[in-house]
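Peer 1: Below are the sequence and a predicted model; questions follow.
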Amino acid sequence: MGAAAGTESDLSANDLQFLRRAIALSARARAAGKHPFGALVVDAEGRIVSEAVNDSLPPAGDPTRHAEMLAVAQAARLRTPAQLQSSTLYSSAEPCCMCAGAIYWCNVGRVVYALSEERLLGLTGDHPENPTFALPCREVFAHGQRAVRVLGPALQDEAAEMHREFWIGR
Ligand SMILES: Nc1ccnc(=O)[nH]1
């Protein structure tokens with residue numbers, strides 16, 4: 001049997017490199033006292049368009065400032081919709097339904113994520129700072145009028161490492 005759709009084996013060497021960069025951003029976020037999530041947008045030529053970490057904590061941030069949200073919003077200011085259609089969002093965790101909406105509205109054509117939302121839910125539980133949804137981004141995209149290609153989960157253990165002992169007792 002062939003590899004399951006959307007697993008590591010479908011990722012190119014460049015995909016893996018940029019996904020590891022998203023995970024590195026999540027580590028940087030944690031070290032800065034923020035929630036451990038990172039994301040970046042990369043164009044068709046392999047240039048990084050935008051990078052972001054979660055900024056959901058008060059007083060500076062707000063709960064809508066997920067890493068993916070910030071990365072695609074910034075990319076939409078820098079590139080045309082046509083350019084974003086051929087760009088990829090790399091994220092340390094699967095985009096939630098809010099961010100899947102933002103990815104759709106910003107016309108980003110492809111998503112590669114590390115940690116699945118389901119596994120993230122297992123890590124955060126019902127933590128009030130991050131009561132994780134159980135709604136796969138593919139399901140959100142399936143209801144849109146244009147296709148968003150999705151690869152993931154991949155490198156889950158590397159991404160989960162940045163959440164180790166973060167949510168328990170916080
Ligand atoms: N996938 C994510 C969940 C929560 N916060 C984020 O920034 N990203």
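Peer 2: Now that the structure is in, tell me what you want to look at.
Peer 1: CA only for contacts and neighbour counts going forward, please
Peer 2: Will do.
Peer 1: check contacts around the residue in the chain positioned nearest to the ligand.
Peer 2: The chain approaches the ligand most closely through His66 (3.2 Å), counting by C-alpha to the nearest ligand atom. Remark: with contacts taken as C-alpha atoms under 8 Å, 6 or more residues apart in numbering, His66 is in contact with Phe37, Val53, Asn54, Asp55, Ser56, Cys99.
Peer 1: Of those residues, just the buried ones, ChimeraX syntax please.
Peer 2: Applying 16 or more other C-alpha atoms under 10 Å to the contacts of His66, the buried members can be selected in ChimeraX as follows:
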select :37,53,54,55,56,99
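Peer 1: Looking at the contacts of His66, which are in strands?
Peer 2: Val53 (DSSP state E).
Peer 1: near the ligand, from the contacts of His66?
Peer 2: Phe37, Asn54 (C-alpha under 6 Å from any ligand atom).
Peer 1: Reformat the contacts of His66 as a markdown table; add pLDDT and distance to Cys137.
Peer 2: Written out in a markdown table, the entries for the contacts of His66 read as follows (pLDDT from 0 to 100; distance: C-alpha to C-alpha, whole Å):
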| residue | pLDDT | distance to Cys137 |
| --- | --- | --- |
| Phe37 | 99 | 16 |
| Val53 | 98 | 19 |
| Asn54 | 98 | 18 |
| Asp55 | 98 | 21 |
| Ser56 | 98 | 20 |
| Cys99 | 99 | 9 |
